[in-house]
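Colleague: pasted the sequence and its predicted model underneath.
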Amino acid sequence: MSQWVIKGLRSGIKSTRYPRTSETAPGISPGLPVATPMSAELAQAMAARCPTAALEPARTGIDVNLRRCVHCFRCARGGDGAIGWERERDFECAGVTSHGDNFGRVFTRSIHILVVDTGDCGACLNEVKQLNNPYYNMHRLGFFFTPTPRHADVLLVVGALTEHMRLPLRKAYDAMPTPKRVVAVGACALSGGIFGPSFMCAGGVGDFLAVDVEVPGNPPAPLAILHGLLVVAGRKPPAPLYRRIEEVDGQG
Amino acid sequence: MSLLLVIILGLCATGIVLAIVLEQERIPAALGWLGAIASIVLLWFSGASLFGGAVFRATLWTIPSLATLTLSLDRLSALFLFVTGLVLLPGSIFASGNLSQYLGKYSLRSFSVWYFALFATLVLIPLSADAVSLLMLWELMSILIYLLVNFEHEDREHTRSGYLMLAIGEAGTLLIALALIILAGNGSLEFASMKAAGDALGEQARWAVFLLAFFGFGVKAGLIPVNFWLPQAYTSAPWPFVPVLAGATLNLGLYGIVRVNGDLLPVAIAGPGLVALTIGSVTALLGILYATTQSDLKTLLAHSSIENAGIITAALGAGFIFIASNHPAIAAIAFAAAFYHMLNHSIYKALLFVATGAVDSNAGTRNIDRLGGLIKVMPVTGAFFLVGALSIAALPPFNGFVSEWLTLQAMLQSAELASTGIKIVFAICGAILALTAGLAVTCFVKAFAMSFLGMARYESAAKASRARASSTAPMGFLAVLCVFLGVAPTYVIPLLDGAVAPIAHQARAADALVPPFFSGSIHHGELPSAFVADFHKLGAQVGQSVMPGRGLVVLHRGAAANPVVFAMSTSYMAVVLLLMLLGAYVVFRLIVARDRGVERRTVWDGGIRRLLPEMTYTGTGFSNPVRVIFEAIFQPTTVEDTRETVGKHFRAAIRRTRGENHVLDRLVLDPISDAALWMANGFARMHHGFLNAYVFYGLGALLAALLVARFT
């Protein structure tokens, strides 16, 4: 016991100071495809390579729907460098959906989160779990996990929405007191990911519940999830969920 | 006064005659009306003495060479009679409504006859002022209770528990008779002369009288180790009789202990008081432990009666010790606490039994694990049961709180005593009683929540009909009493004064607890004027304008060595609680919920497809922590019966049967019965059938008799 105290004092504070200062080691990410100008035929061919339809052919190139990308590198490796790949991407990419909203001025601190796994492979859940560890330490920001929806303000959903988890998810959402927000984490929860709409999977959670904040990534790094939570609390501005060729080119 | 008694006995006799004459269908109504009227007259009769100090004495007839049969009413008898009347009034009304369910199955005629005979006996026992009539009436009461408990005689279980009760009751009567004979010595068997002769007794005889009377009367009061009949008998007793059994007859055991050990032969040394205190505390703890783990509501309440009898006995024991140590003022507190608790127990236990009877009749079961959600179908019964449960769990502002607070306060006053050993016993017993109070809350949270809240576990509970007026009216009466006795203790304690004063040898004992604070001037003899003035500065005299009388605060100031003031006011507490509830409601309505509607959502069930009643928390599950923590006392036996499939590799079903052997059976009954069997086995060897040997035994016996005759 006494050694723990001494050791703890000696090692000092190791937690990230994230939203106060910028974070230099956001976690390992395989990167994302970049919206690249290209011919319409090539764009069609590239879009066909994408297993999750994250690449959308546009007029002058290809758009990237971050919500769907699972960083599988099929476009980057098979496309002979036709599409750009951004390795060092910014982790702050959680966005508010078109019908979603953050808490505004209702809650900014002390937000209780109910995590519901609707069919997760374990990856996103593992990243969510890291939020409680000493490095990310989300308690310092006023976020807490709760096991009961009665105390929850935020419903954090991970995993593709399987048939069997529809009812529990609906019941959990209904049991939460208002005001409440839904945060979907990971490509599977956002769009169904590689499981897509299939015989046992309804696709993304957004088709079933009104999702307010989406955190893309497969899985998203813990800081990305933390950014999503800060967005829902209204303490960080949201990022765009689409990377469009027009924006990249600056043509508008 | 004697006219009132004659009216009561006449009504009982009329009841008996009507029960024989009337046809079966009309007996319940007759029982209800006559019982209620007789109870009201009984309340008048005893109240005249309790409130007004009326005295009654009647000499009946003389049995040559034994005694003159005498009836007399003093304040102690009046208190017990008044409590009996308070229970018999609602009890009779409930009985009249509940009795009709036995129509056609059992003889209502016999029930009614025994009921009125018992009524008369219950009235006469506290009145009897000589050993002969007391013993005769006591015996009569034992038999009548046996007949009533065994009313549903076609059930073997009822007959068994009836016999057990009768046997233990007879043993108790024997002990009482011995105690009274020792007490009488060579003198007369009248209480007045026994009281005078008591001073001449030596210490050993005093101990003998105390122990014989304590355990003899303790049989009816339900004290360990002679209470193993009680849960079984209470469970077997028919519903119309149970409230009276728990509310009135249990008190008579306590009456006997107080009459003999407090009045006839006052305890002069601390030893007997310590016995009573220890036995009472352990009784209370064991009672509530077994109550908490019960799933049968009736048995649960029976075990809880044992608990309350234990608390009362502990308070009596504390009183005896304080008397022996020459602290009559503190002894008065302890006795007042004991009597108050006895009064309260009678009221709320009768209430709970009436409510449980209504539940059993209307929901078809009294098993907590099969009930649930009753508050939706029986709201009135549920509300009254809640009042009873809160009272018995000793939560303010209900009556159980006042008497348990007084009991524990009296225990804390042991700081005044000189002997360290006695102080240690007091500390341990106080801790046991505190634990008991805590467990009582657990027990009655379980009793109320598991049967009245949640989901109905069985269809019968979901479709239960509302209780009839013959059940709700007695419940309402008793619930109002529960609240009154809880909110206005300062008006009740002075009434107990008359009963306490002769036992505690302290006149105006109530003045120590409920000083004439607001009615008199600032200068009291009892309290230092500076202290009184302090209270006046605090605004304690406010109560005078609101409610006349002795104010609303129960308080006691320790002696000079220990000048601590204990004060408590459930009246103010009730007002504050009401204001807080109202305030919270108003704040919620006006400020919080003005612009936001209240949303009702379904129960959070963890997201399962359908929440079934079987999945909800059961009473057994609720009380399991207690069962596990006190496993050393319960020592359950588990029989595991595993059925295996043909291949003997997979278990098809495991059935665990959990049995419990009551700690008294284990430690007291089993050794006694084992010893008796062992001795019988030994004697059986002498009975081998050889005539010569029997002649030899005869000769030996004759020789022994001659030798004894020669040398004595």
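Modeller: Done, it's in.

Colleague: when you work out contacts or count neighbours from here on, use the C-alpha atoms and nothing else.
Modeller: OK.

Colleague: ends of stretch B:599-615, what's the gap?
Modeller: Terminal residues of stretch B:599-615 are spaced 25 Å apart (CA to CA, to the nearest Å).

Colleague: buried residues, it. List them.
Modeller: B:604-605, B:607, B:613 (16 or more other CA atoms under 10 Å in any protein chain shown).

Colleague: show the average pLDDT along that stretch.
Modeller: The pLDDT scores in stretch B:599-615 average 82.

Colleague: what does stretch B:185-194 give?
Modeller: 80.

Colleague: likewise stretch B:11-19?
Modeller: 90.

Colleague: now it, how far from the centre of its chain.
Modeller: Here stretch B:11-19 is found 28 Å from its chain centre; the criterion is CA atoms, centre = their mean, to the nearest Å.

Colleague: got it, and stretch B:385-397?
Modeller: Using CA atoms, centre = their mean, the distance from the centre of stretch B:385-397 to the centre of the chain it belongs to is 15 Å.

Colleague: ok, back up a step: out of the buried residues of stretch B:599-615, flag the one nearest to chain A.
Modeller: Distances from the buried residues of stretch B:599-615 to chain A were compared by CA to the nearest CA; the smallest belongs to B:Gly607, at 3.9 Å.

Colleague: phi, psi of that closest one?
Modeller: Main-chain dihedrals, B:Gly607, degrees, to the nearest 10: phi 80, psi 10.

Colleague: where does pLDDT dip in the stretch 151-300 of chain B?
Modeller: When residues are selected by pLDDT under 70, none of them lie in the stretch 151-300 of chain B.

Colleague: let's see 80
Modeller: Per-residue confidence for the stretch 151-300 of chain B (pLDDT under 80) gives these ranges: B:185-188, B:198-200.

Colleague: coming back round to it: can you narrow the buried residues of stretch B:599-615 to ones near chain A?
Modeller: Among these, the ones lying close to chain A by the criterion of CA under 8 Å from any CA of the partner chain are B:604, B:607.

Colleague: pick out the most distant pair among the buried residues of stretch B:599-615.
Modeller: With distance counted by CA to CA, no two of the buried residues of stretch B:599-615 lie farther apart than B:Gly607 and B:Pro613, which are 15.3 Å apart.

Colleague: sorry, back to before: which of the buried residues of stretch B:599-615 fall within helices?
Modeller: With helices defined by DSSP state H, no entry of the buried residues of stretch B:599-615 lies inside them.

Colleague: nearest to B:Glu152 among the buried residues of stretch B:599-615?
Modeller: B:Pro613 (32.6 Å).

Colleague: which residues touch the closest one?
Modeller: Shown in contact with B:Pro613 (CA atoms under 8 Å, 6 or more residues apart in numbering or on different chains): B:455-458.

Colleague: who wins on neighbours among those?
Modeller: With neighbours defined as other CA atoms under 10 Å in any protein chain shown, the most crowded of the contacts of B:Pro613 is B:Ala456; it has 27 neighbours.

Colleague: ok, B:Val244 - contacts?
Modeller: Under the contact definition (CA under 8 Å, 6+ apart), the residues listed for B:Val244 are B:87-88, B:91, B:350.

Colleague: at 10 Å what do you get?
Modeller: Applying CA atoms under 10 Å, 6 or more residues apart in numbering or on different chains to B:Val244 gives the contacts B:84-85, B:87-92, B:95, B:115, B:118-119, B:250, B:346, B:349-350, B:353-354.

Colleague: how about B:Thr618, nearest residue that isn't a chain neighbour?
Modeller: With sequence-adjacent residues excluded and distances taken as CA to CA, 6 or more residues apart in numbering or on different chains, B:Thr618 is closest to B:Asp369, at 5.6 Å.

Colleague: around chain A, pick out the residues from chain B.
Modeller: Along chain B, the residues adjacent to chain A under the rule CA under 10 Å from any CA of the partner chain are B:599-609.

Colleague: just the closest of those to chain A, please.
Modeller: The shortest gap between chain A and any of these belongs to B:Gly607, at 3.9 Å (CA to the nearest CA).

Colleague: what helix or strand is the spatially closest residue to the closest one that is not a sequence neighbour on?
Modeller: With sequence-adjacent residues excluded and distances taken as CA to CA, 6+ apart, B:Gly607 is closest to A:Pro168, at 3.9 Å. Taking DSSP states H and E as the definition, A:Pro168 sits inside helix A:166-175.

Colleague: please point out which parts of that helix sit buried.
Modeller: Using 16+ other CA under 10 Å as the burial criterion, the residues of helix A:166-175 that qualify are A:166, A:168-169, A:171-175.

Colleague: which ones are touching the residue in the stretch 101-250 of chain A positioned nearest to chain B?
Modeller: Evaluated by CA to the nearest CA, the stretch 101-250 of chain A has A:Pro168 as its residue closest to chain B, separated by 3.9 Å. By CA under 10 Å, 6+ apart, the contact list for A:Pro168 reads A:116, A:118, A:174, B:604-609.
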